[in-house]
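**Student:** Dropping the sequence and predicted coords here.
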Amino acid sequence: MNYDTSLKSIFNYYKVGGSLSADHPSYVKRKADEELYTSLKNGDFCCVFNSRQMGKSSLRVQIKTKLEEEGVRCTSIDMTTIGSADDTTESFYAGITFELWSGFLGDVSKFYQWWQQHQVLPPLQRLSQFIDKVLLTELSQNIVIFIDEIDNLINRKVKDEFLEFIRACYNQRADKPKYKGLTFCLLGVVTPSDFKDKQGIPFNIGKTIELGGFSLEEAKTSLTKGLAPKVEAPEAVLSEILLWTSGQPFLTQKLCKLILEKEASRTPNLEILIQNYIIKNWEFYDEPEHLRTIRNRLLVDQTLAYKRLKIYHQILEYGQIDANDDAEQIALRISGLVVKRQGKLKVCNQVYQNVFNHDWVEKNLSALPQPLDTNSESRGAKILNYSLLVPVAIILAVISLISLGFSYIVVENKPWNQAYNTSNVGAILECIRVCFLLTLEVYVICSEFSEETLQFILDKRFYLRRRTTFVVGLIFLFMLLFHHLWYGPHQLLGNNQVSAQEYFQQYLLPYLWYFPYSFINFIIIGIPLSGLSIHVVIQDCNKLSIKIKKYQAYLNNITNKLKQASTPANVADKNEIIQQLKQIYWDFHEKLQRPISLLLGIVILIYFDATFSRSTLSNSAYLWTQLFCIFGFMTPAIVLILWGLLAYQKNLVETLGVLFKLNFDFAEVETQYDTFNLLKKPLTSNILFRVICIISVLHLSYTIFRFLI
């Protein structure tokens, strides 16, 4: 490819911010160029609605020039120059009419006289008469009116009226053929909901032009010319730039210019350049303003900002979420931070993801007031509050105590006491058991699974999981009824022959009183907690898988870059790799804490059952309880812990391999971020683990004491 930079000085080749002139060499022609040109040439009303600095104004300049070369009369109206929100209706329409007169007729000296002559008419009708009786009468060519910065119209009183006028011009085509030669093109940073009228009807005429980022095929002809004198492989460098920017025009131009101004090597290390001049201290280096514009658009309204950041936080967590026409999702897209691709919302590019990362989101969420409205999320959050769940747990504990009291004490029957209360402490042990379970459930839901519980309750994606949990709960309820109404009493009865009254009093009635306790244990505590723990394990595995893929892609990327670079890797490269490993380490640490807490709690419960309350349950009930704990709680937790440790160990080995290839000493890294440390930290800091240690010591001491005696 022959690169020619003679048109401009090398350092002025790229333009960061502002509209590009029609002949600017770094302008990139996209699919949208052809779509907009063809649509306007055919007389279609067009809308180009997108985030700032996506190249809307440059696109307008290019298309306007191209249409004028083919004989189409064009003019542009910048809405930021048409008065202000406080101006009168007359001054607004006078400004619009003046811009049209100046753009199409040139000599504005007659405008003032014409406007005064028609002052008997309302301002909007004067504009309408000017277009109908002057423009479309005196000009024989087709007319295209570009209205740029249309978002400046949103807060004006004339918004609905002016948009209705544009709609009327479109509808006039059916009755007046000359209106077929009049076309409007609206450009701005707006959402469809911004242009709804008072009746809620959206502005839905014409064709919407999608304005995406540059692809390599589109950009290489224009953008590689400026890089050619500075780098060895301009197309490869541009390809790497697009990996970081996803073709976002402003960032792409800025990175190209940074290479020319800041990079001394002909094989630039793009990641270090981006870290030093865009990501780190981004508010300082954000000139011309771009990232701050996105931030301000997100945070300008505190009540809306919280909702938008929560949605964005989900996108960061899962990599993508389902896109819809929700106002907050559209607002995120208009900010430029996220894009819609194949029905999914994703972060627009790697630069944004590094700047507006988890830490940034969490910091701003904590600083924002949580909305106090009555939406479902707010209601759901109240369910997870200690102040509500603790009283509920106390009420359930009291009901359990009453149930146990009647089944063990009030109803005097010899068979029940011989089977399940030989030491006269059956009711006490069962009460301790249910209180421990209720405490564990409140702690786990409020402290460990709060966000995931809320998501599980509200998110449409988990409808099947909720339905499965409900069905399993129904099955367990029928099993409980069967056990308490028939199987349990008959097992207690054995081969004894008794009358119907004795059967009811001695064998069935204790089980009837015992049923509320079992219902609380299995249906109210067991099923929700088991279903939630399985759900959280699935979600945590998904989240960690996404982080693993990103981390492995990072390792591959940095390895390939360092191989291609002519200079050896330096300390900055090592520190960056360690920083990324540290982030992965703490991601795994956070996700492993929860299953470890749940696992330790269930281990304590199983130990308690096996040691103390074994004699308070029938063989079938004891087996059923143990299997429920093992498969409902322990198995999911163990799966996540083992999978997490193995996955982290694989990442650690790959990281050490990269450090070894780059001739770095990795002994300290291996020791500090060892897999054993990953397991040790959440264990040693867990209060349940300390309880287990104390119990183990006491049990061992008691066993030794009995052996010696």
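**Tutor:** Structure's in. What do you need?
**Student:** The spatially closest residue to C256 that is not a sequence neighbour in helix, strand or coil?
**Tutor:** In this structure, C256 finds its nearest non-sequential neighbour in Y14, 4.8 Å apart by CB to CB, 6 or more residues apart in numbering. (C-beta placed from N, C-alpha, C; glycine too.) For Y14, the assignment made with DSSP: H, G, I helix; E, B strand; the rest coil gives coil.
**Student:** where's Y14 relative to R466, distance?
**Tutor:** 53 Å (CB to CB, to the nearest Å).
**Student:** now swap in V498 and tell me
**Tutor:** Taken as CB to CB, the span from V498 to R466 is 45 Å.
**Student:** In the stretch 251-400 of the chain, what residue spans correspond to strands?
**Tutor:** With DSSP state E, counting those that start in this stretch as the criterion, the stretch 251-400 of the chain has strands at 321-322, 338-341, 344-347.
**Student:** With mean pLDDT, mean neighbour count and distance to R308 added, can I get those in JSON lines?
**Tutor:** JSON lines is the format used below for the strands of the stretch 251-400 of the chain (pLDDT from 0 to 100; neighbours: other CB atoms under 10 Å; distance: least, CB to CB, whole Å):
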{"stretch": "strand 321-322", "mean pLDDT": "84", "mean neighbour count": "14", "distance to R308": "13"}
{"stretch": "strand 338-341", "mean pLDDT": "86", "mean neighbour count": "19", "distance to R308": "10"}
{"stretch": "strand 344-347", "mean pLDDT": "88", "mean neighbour count": "20", "distance to R308": "12"}
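**Student:** Would you tell me which of those gets closest to G213?
**Tutor:** Closest of the strands of the stretch 251-400 of the chain to G213 is strand 338-341, at 8.0 Å (criterion: CB to CB).
**Student:** from memory A647 sits against I548, does it?
**Tutor:** Yes. Applying CB atoms under 8 Å as the test, A647 and I548 come out as touching, 5.9 Å apart.
**Student:** tell me, what's touching the two both at once?
**Tutor:** The contact sets of A647 and I548 do not overlap (CB atoms under 8 Å, 6 or more residues apart in numbering).
**Student:** thinking again about what came up before, distance to K681 added to the strands of the stretch 251-400 of the chain, as CSV?
**Tutor:** Converted to CSV, the strands of the stretch 251-400 of the chain look like this (distance: least, CB to CB, whole Å):
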stretch, distance to K681
strand 321-322, 31
strand 338-341, 34
strand 344-347, 30
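**Student:** Among those strands, which comes closest to D78?
**Tutor:** strand 338-341 (26.3 Å).
**Student:** shaky segments in this protein?
**Tutor:** For the chain, the stretches with pLDDT under 70 are 1-11, 85-86, 191-194, 196-204, 369-385, 447-448, 450-451, 562-573, 618, 620.
**Student:** Helix or strand next in line after the helix or strand where L600 lies, which one?
**Tutor:** Per DSSP states H and E, L600 falls inside helix 571-611. Going down the chain from helix 571-611, the next helix or strand is helix 619-629, by DSSP H and E.
**Student:** Can you dump the C-alpha atoms of that following helix in CSV for me?
**Tutor:** Output of helix 619-629 as CSV, limited to C-alpha atoms (Å, rounded to 0.1, in the frame of the first residue of the first chain):
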residue,chain,number,x,y,z
ASN,A,619,-33.9,-43.7,60.7
SER,A,620,-35.7,-42.6,57.6
ALA,A,621,-36.0,-39.0,58.7
TYR,A,622,-32.3,-38.9,59.8
LEU,A,623,-31.2,-40.3,56.4
TRP,A,624,-33.5,-37.9,54.5
THR,A,625,-32.2,-34.9,56.5
GLN,A,626,-28.5,-35.8,55.9
LEU,A,627,-29.1,-36.4,52.2
PHE,A,628,-30.9,-33.1,51.9
CYS,A,629,-28.0,-31.2,53.6
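**Student:** tell me what it is packed against?
**Tutor:** In this structure, helix 619-629 packs against helix 571-611, with contacts taken as 3 or more CB pairs under 8 Å, 6 or more residues apart in numbering; DSSP states H and E.
**Student:** between the helix it packs on and helix 619-629, how many degrees?
**Tutor:** On the basis of axes from the mean of the first three to the mean of the last three CA atoms, to 10 degrees, helix 571-611 is oriented at 170 degrees to helix 619-629.
**Student:** Can you name every helix or strand that helix 571-611 contacts?
**Tutor:** Judged by 3+ CB pairs under 8 Å, 6+ apart, helix 571-611 is in contact with helix 426-443, helix 527-564, helix 619-629, helix 635-661, helix 675-684, helix 687-708.
**Student:** distance between that helix and the chain's centre?
**Tutor:** 23 Å (CA atoms, centre = their mean, to the nearest Å).
**Student:** tilt between that helix and helix 635-661?
**Tutor:** 160 degrees.
**Student:** got a list of what L678 touches?
**Tutor:** With CB under 8 Å, 6+ apart, L678 has these contacts: 585, 588-589, 592, 645, 648.
**Student:** Just put the residues you listed in JSON lines and tack on neighbour count and distance to E70.
**Tutor:** Shown next, in JSON lines, are these (neighbours: other CB atoms under 10 Å; distance: CB to CB, whole Å):
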{"residue": "Y585", "neighbour count": "22", "distance to E70": "61"}
{"residue": "F588", "neighbour count": "24", "distance to E70": "61"}
{"residue": "H589", "neighbour count": "16", "distance to E70": "64"}
{"residue": "L592", "neighbour count": "23", "distance to E70": "65"}
{"residue": "L645", "neighbour count": "16", "distance to E70": "67"}
{"residue": "Y648", "neighbour count": "25", "distance to E70": "62"}
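**Student:** and of these, the nearest to F519?
**Tutor:** Distances from F519 to those, taken by CB to CB, are shortest for L592, at 33.0 Å.
**Student:** Once you drop chain neighbours, what's closest to that closest one?
**Tutor:** G644 (5.2 Å).
**Student:** mind checking how far the one you found is from F676?
**Tutor:** Taken as CB to CB, the span from G644 to F676 is 13 Å.
**Student:** Tell me which of those two has more neighbours.
**Tutor:** G644 (23 against 10; other CB atoms under 10 Å).
**Student:** so the more buried one sits right up against Q593, yeah?
**Tutor:** No. G644 is beyond contact range of Q593, at 10.6 Å (criterion: CB under 8 Å).
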